[in-house]
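>>> Any chance you could fold what I've pasted below:
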Amino acid sequence: MAITRLTDIITVFDSKWTYGDVKFGYDGEVNQDHDTQYPLMLVNPPESTIPVIYDGREEYSFEVNFYNLYSQAAKDVVTLQKRWDNLQDLSNEWLDMVLKNYQDVTVEAYLNDESIEIERVKDTNNDKLVQIKLTFTMSAFTKCFRPVSNYPTDFSDLKLWLRADSGVTFDIPTKKVSAWSDESSSSNNFSQSTKAKQPLRYGYGGENDKAYFDFNGTSNTIPSIGNSPIETNFTIFEVSKIDAAADTIFGYSNDGKIISIGLNDIGYYTAMVNDGINQLRTGTSVDNTGSYHIGVVGKEGTTINVEYYDDANSITNSYTDGGFEPSIAFNETILNVGSLDGTTELLDGSVQEVIVYNRKLSDAEVSKVVGYLNLKYKIY
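Coordinates of the predicted model:
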């Protein structure tokens, strides 16, 4: 059954009101900028409860107000009751279109019985307006409270899980990040004690308004405390936005042995693994600069593959070099988020999540982890 959240409901409300302006806010904000196109629909932020947890329903108590002009001059040509009736007709038509939207059997949303109330108000707010106040309770399926989702911890060999929304130590006034805890239970934690190198952490404003780290492209990077846990094969997932070519999101570099994920010199998303002599390298062939994306890099033996998803692209590529040494491990020095090695290819952009497995995941497992990330960040 489809998941219906408040944002989804408000999107439907908005799309079905085609007669004038729509606002999601409070009564005192009606025409505060004096630029409203009437008729106006104002949806107040609702109260909500989840009455029976395992039903997966949420009951939203909505108050929706409809306004239209009723100027002094208009009194000579239209009666007050007629203006109210016409406004009520529009509100009824709007509500009917909203309910028709939810007739699809894969979506469940409906009005609770006998919950509608209508009130008529005159001379309200900043204008000479007539107002219809419609209150009702809508039950919508939001989330079945049973363990049906997949999370990175559901799959074996998880060695690193960094999330901008969890396990972060940062200074509240400056937003500078000093530590980032690994949520995988492997304790592969990251820290940055040099203030000039500390990225900034914002609790909202990233993709899908989620938390993110901001890297300035000149000094910010955050390394692991201990050596990398990555051995010969791996799968790395990341959610980020890279704003400049030749920047690295995630890197490992030791005596020519390299893992690098980022953009190449012309802005193509690229993953590279080097055994000290031979190189595995693949990615996209479109400009990915400035796009929030999900990136997946898998390496097994002598083959590397990349999956890349943003709001306009879904790209999969792979590359094999039989000369690559498959026994090379990548665990002799630290990892870096926001640079290749702490000093080069510094990231100008944002990072929201990094997940590392110490093996090549199956296609089905990759699909489930990508599904978790896309459900969270709404990348595509």
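
>>> Residue 28 looks like it's in a helix, true?
Yes. Judged by DSSP: H, G, I helix; E, B strand; the rest coil, residue 28 forms part of a helix.

>>> tell me which helix or strand of the protein sits lowest on mean pLDDT?
Every helix and strand in the chain was compared by mean pLDDT, DSSP states H and E; the lowest is strand 117-122, with a mean of 62.

>>> Please report the number of neighbouring residues for the closest residue to residue 167 other than its chain neighbours.
Distance criterion C-beta to C-beta, 6 or more residues apart in numbering; nearest residue to residue 167, sequence neighbours excluded, is residue 181 at 3.2 Å. The way it works is simple: take the backbone N, C-alpha and C, and place the C-beta from them, glycine included. Residues near residue 181, counting by other C-beta atoms under 10 Å, number 17.

>>> give the contact list for residue 181.
Going by C-beta atoms under 8 Å, 6 or more residues apart in numbering, residue 181 touches 166, 167, 168, 169, 189.

>>> Now go through the residues you listed and say which are in strands.
Judged by DSSP state E, the subset of the contacts of residue 181 located in strands is 168, 169.

>>> Could I get the full set of strands for the stretch 151-300 of the chain?
158-163, 168-170, 177-180, 190-191, 200-202, 212-216, 222-223, 234-242, 248-254, 257-263, 268-275, 279-287, 293-300 (DSSP state E, counting those that start in this stretch).

>>> just the helices in the protein please.
Residue ranges of the helices in the chain, as given by DSSP state H, are 6-16, 80-101, 363-377.

>>> now these as a markdown table including distance to residue 177 and mean neighbour count?
What follows is these, written out as a markdown table (distance: least, C-beta to C-beta, whole Å; neighbours: other C-beta atoms under 10 Å):
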| stretch | distance to residue 177 | mean neighbour count |
| --- | --- | --- |
| helix 6-16 | 28 | 16 |
| helix 80-101 | 43 | 15 |
| helix 363-377 | 20 | 16 |
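
>>> What residue spans form the domains of the chain?
According to automatic domain parsing, the chain comprises the domains 6-141, 152-377.

>>> Selecting buried members of the contacts of residue 181 in ChimeraX, what would you type?
Here is the ChimeraX command that selects the buried residues among these (16 or more other C-beta atoms under 10 Å):
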select :168,189
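
>>> and of the contacts of residue 181, the nearest to residue 371?
When the contacts of residue 181 are ranked by distance to residue 371 (C-beta to C-beta), residue 166 comes first, at 19.4 Å.
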